[in-house]
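Trainee: got a predicted structure here, sequence first:
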Amino acid sequence: MTLTSFSFFVFFAVCILCYYILPQKIRWTGLLGFSILFFVFSSPPITGIFLLGCIIVTHTCCMQIHRFKKTDPGKAKGFLICGIIIDLSMLAVLKYSNFFALHWNAIAARAHLNASVRIPDWPVPLGISFYTLQAVGLMADTWREITEPEHNIFKSALFIAYYPQLTSGPIARYEELKESLFRENAFSWTNFTHGLQRMLWGLFKKLVLSARLALVVDGINGDMEVYNGFYIWIAAGLFMLQLYTDFSGYMDIIIGASEVFGIKLPENFRAPFFSRSVREFWQRWHITLGAFMRDYVFYPIQHAYRFIHIRKALSQKIGRKAADRLTTGAALLCVWFLTGLWHGGAYKYIFGWGLWFWLCLILGQTGEPLWKKLRVFFKVRESSFSWRLFQILRTFILVSIGNIFFRAGSLKAAFRAISLGFTSADNPWILFDGSYSQFGLSQKEVFLTFAGLLILLLVSVLQQSGSVREKIDRQGIVFRWVLYFMLLFAVIVFGKYGPDYNPADFIYRGF
């Protein structure tokens, strides 16, 4: 069951009805029951063992951490480490065992050892990368006494396995979710209508925009020996837009569905294409993953006793400023390596969505004195619109290059695509000669996609000064309902369906 399928909306409607029929005090139990059903319908049933294991381990360790934190900190830390290792081990075995097995077999073959292993074919639980990080964060926050552990294991289960969030996040903290998840939520017409509006906006992004962009992106990436040169860069830019409309559309559906229940999830996107640097981009894109890596990876490394000792030793040899930059760069390297690995067990993810962004950040920071001199030399007015636009376009290009690796079949294929983009870049006229028709887009569909992207841009601009839905709510009733019905008809009439449509094709589904 996927979030754009007819079966999901039937399931969701039944869930809403049952949720508000139940007595307010036990409404959260209805959500837990429907979360279990959703997992059973959406993932191989056997994988439920691992989700159940994660819930039991996380709840037990949280209780023991809280119990021993003040009386025996060593034992409490032992439970923390044990819980994190078990949860992450399940993730590693199910998601990365193929990656490690392939490398072991390659090493054994080169060393002429008869020690190859069978490539495992584990069924991967739905959303394991998301619920594992959420569970790890809960244990870490309990250790740091940021939150009190939940004594009811069924409430812990709902926090980890809440079904709209289970598929693709956002990665929430227990402190920010527990109040709205477990309180006695009464029906609110405002929450109901705002939630459905948010879901409709997500469907528009996914079915009208992302699905059309995918036709061109898939067509070019499917035969780069034919579609090379400028095609490569068009595909890279369009995939950036496809990924955004796909993933943020998914978030809109998830956050909107939760709003119907009166549950507030954290935002995962904040107009990322207005970013003027790679650093700012990652403060606006997949916000909850970035916050997790900052709070649970970067800060613990920076504050680790041995790391502090290394920084002090380096300060005596190369100076404090250089030592701070070197150690911060090393901590960031760990963060970005893990970020890339989290996206998938393949070198294309480790480099393209990990080390590439680390390299961009390091070059931006260490080269800042040089960049400043160049800005002075060329008399750049940093407050000017043209300079801001240049920074936005530069950031978009750098991120799009990383996405070439994300989209490619392998690391080698990604480098091959970039090579073809430079060596055959003599065909810019394809933007104007109707070449897009080769990928199943008519001139009308190109116009529709362009118009949809302009609407997306307009909404993003309006969001900079506050909630767009609140702005719409202040308008007349006729204007509001005309707008809603136009959006609804756009999804129904212009949404990409047909024999090749697969509602499961959300890019981030399954991570």
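Mentor: Thanks, I have the structure now. Note that the structure is predicted; figures quoted are calculated from it, not measured. Residues are numbered from 1 along each chain as shown.
Trainee: only C-alpha atoms from now on, for both contacts and neighbour counts.
Mentor: OK.
Trainee: quick one: neighbours of Cys54, just the number.
Mentor: 26 (other C-alpha atoms under 10 Å).
Trainee: what sits against the spatially closest residue to it that is not a sequence neighbour?
Mentor: Closest residue to Cys54 apart from its sequence neighbours, by C-alpha to C-alpha, 6 or more residues apart in numbering: Asp87 at 5.9 Å. Applying C-alpha atoms under 8 Å, 6 or more residues apart in numbering to Asp87 gives the contacts 54, 57-58, 132, 135-136.
Trainee: would you say Leu126 is within a strand?
Mentor: No - with DSSP: H, G, I helix; E, B strand; the rest coil as the criterion, Leu126 is assigned coil and is not in a strand.
Trainee: ok, it touching Val40?
Mentor: No - using C-alpha atoms under 8 Å, Leu126 makes no contact with Val40, being 9.7 Å away.
Trainee: compare those two (neighbour count), which wins?
Mentor: Leu126 (22 against 16).
Trainee: and that one, how far is that from Ala408?
Mentor: As defined by C-alpha to C-alpha, to the nearest Å, Leu126 lies at a distance of 23 Å from Ala408.
Trainee: Gly329 now?
Mentor: 27 Å.
Trainee: off-centre distance for the helix or strand containing the residue nearest to Cys54?
Mentor: Element membership for Asp87, per DSSP states H and E: helix 73-110. Relative to its parent chain, helix 73-110 has a centroid offset of 22 Å by C-alpha atoms, centre = their mean, to the nearest Å.
Trainee: pLDDT of it, averaged?
Mentor: Averaged across helix 73-110, pLDDT comes to 89.
Trainee: please apply the same query to stretch 487-502.
Mentor: 73.
Trainee: so for the chain, the centremost residue is which one?
Mentor: His286 (4.5 Å; C-alpha atoms, centre = their mean).
Trainee: next secondary structure after the strand or helix carrying Leu398?
Mentor: Per DSSP H and E, Leu398 falls inside helix 385-407. For helix 385-407, the following helix or strand on the C-terminal side (DSSP H and E) is helix 411-423.
Trainee: what's that following helix in contact with?
Mentor: 224-225, 228-233, 347-348, 351, 404-405, 408.
Trainee: and if you look at stretch 469-482?
Mentor: Contacts for stretch 469-482 (C-alpha under 8 Å, 6+ apart): His194.
Trainee: before we move on, what SS does Lys205 have?
Mentor: From three-state DSSP, the assignment for Lys205 is helix.
Trainee: residues contacting it?
Mentor: Applying C-alpha under 8 Å, 6+ apart, the residues near Lys205 are 245-246, 248-249.
Trainee: closest to Trp201 among the residues you listed?
Mentor: Distance to Trp201, by C-alpha to C-alpha, is smallest for Gly249 among the contacts of Lys205, at 7.2 Å.
Trainee: nearest residue to that closest one other than its sequence neighbours?
Mentor: In space, Gly249 is closest to Gly202, 3.8 Å off (C-alpha to C-alpha, 6+ apart).
Trainee: counting neighbours, what do you get for that neighbour?
Mentor: Counted with other C-alpha under 10 Å, Gly202 comes out at 26.
Trainee: how about stretch 203-220: buried residues?
Mentor: 203-217, 219-220 (16 or more other C-alpha atoms under 10 Å).
Trainee: related to what we said a few turns ago, neighbour count added to the contacts of Lys205, as JSON lines?
Mentor: JSON lines is the format used below for those (neighbours: other C-alpha atoms under 10 Å):
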{"residue": "Thr245", "neighbour count": "25"}
{"residue": "Asp246", "neighbour count": "28"}
{"residue": "Ser248", "neighbour count": "22"}
{"residue": "Gly249", "neighbour count": "25"}
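Trainee: mark which of those residues are part of helices, please.
Mentor: 245-246, 248-249 (DSSP state H).
Trainee: closest to Asn114 among those?
Mentor: Asp246 (45.1 Å).
Trainee: what distance do you get for the closest residue to Ser42 other than its chain neighbours to Phe41?
Mentor: Spatial nearest neighbour of Ser42, chain neighbours left out: Met1 (4.9 Å); criterion: C-alpha to C-alpha, 6+ apart. Note on Met1: its distance to Phe41, by C-alpha to C-alpha, is 6 Å.
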